[in-house]
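In: quick one, what's the 3D model for this:
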Amino acid sequence: MGELASESQGSKELGDVLFQMAEVHRQIQNQLEEMLKSFHNELLTQLEQKVELDSRYLSAALKKYQTEQRSKGDALDKCQAELKKLRKKSQGSKNPQKYSDKELQYIDAISNKQGELENYVSDGYKTALTEERRR
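Out: Residues are numbered from 1 along each chain as shown. Below is the predicted model of the structure:
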């Protein structure tokens, strides 16, 4: 349209103005594209990297937590199984008092291990909430 207008005598100035407007529009468009590229490189790429690092960290922390919780749970289960065996032995024994001290030790150990597990789970929840707030 600018070419047609600039070819005629009466609208030559109008054609020149249209060319200038098109050039300014093209420059603005190029600046916008450059700013978007810059925005992407400076901000979005950095955020993506941080999210990736956070994801890896949280996955590793979750795996460590689950492993430790499973370990504590297994230790508790083992103590409970040992206590159950001991009680069966004492019931079949002629002298059940012989096993009472050992039974008390297992009950105490079970109580301690259960407390440790509960504290670990509680601390895990607190840590998870703190991490969630921080992120």
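In: quick one: the strands in the chain?
Out: For the chain, applying DSSP state E gives no strands.
In: averaged pLDDT, the longest helix seen in it. What do you get?
Out: Counting residues, the longest helix found in the chain (DSSP state H) is helix 45-92. For helix 45-92, the mean per-residue pLDDT is 91.
In: helices or strands next to that helix in the packing?
Out: Judged by 3 or more Cβ pairs under 8 Å, 6 or more residues apart in numbering; DSSP states H and E, helix 45-92 is in contact with helix 100-134. C-betas here are computed from N, CA, C, even on glycine.
In: tell me which residues in the helix it packs on are buried?
Out: Residues 103, 106, 109-110, 113, 117, 120, 124 are the ones in helix 100-134 that count as buried (16 or more other Cβ atoms under 10 Å).
In: closest one of the residues you listed to residue 65?
Out: Of all the buried residues of helix 100-134, residue 124 has the smallest distance to residue 65: 5.3 Å, by Cβ to Cβ.
In: wait, that closest one sits on residue 72?
Out: No. Using Cβ atoms under 8 Å, residue 124 is not in contact with residue 72; the gap is 10.8 Å.
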